[in-house]
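**Q** output the structure for:
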Amino acid sequence: MNNYKKNDEKLSEKSKELNQLEWVKLMNNYKNMAEEIILKELFYTENV
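**A** Numbers count the residues shown, from 1 in each chain. Here you go, the predicted model:
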């Protein structure tokens, strides 16, 4: 998550102050993407 925060200007603290709802949507989106990748890798390694 820290890498996403560093690479995306929309996740900055300034953006968080200006548009909290959009910031939360983006954070949830990145969190869901990271979880999906992890679960796919976990599933793949268990079935190999």
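**Q** not counting its own residues, what contacts whichever strand or helix holds Lys14?
**A** Using DSSP states H and E, Lys14 sits within helix 13-18. Contact with helix 13-18 is made by 9, 22-23, as judged by C-beta atoms under 8 Å, 6 or more residues apart in numbering. To be clear about C-beta, it is placed using only N, CA and C from the backbone, and glycine gets the same treatment.
**Q** what are the buried residues along it?
**A** The neighbour-count check on helix 13-18 (16 or more other C-beta atoms under 10 Å) flags nothing as buried.
**Q** I'd like the average pLDDT over the following helix or strand past it.
**A** Sequence-wise, the next helix or strand downstream of helix 13-18 (DSSP H and E) is helix 20-47. What helix 20-47 shows for mean pLDDT is 87.
**Q** distance between helix 20-47 and the chain's centre?
**A** Mean-position distance between helix 20-47 and its chain equals 6 Å (C-alpha atoms, centre = their mean, to the nearest Å).
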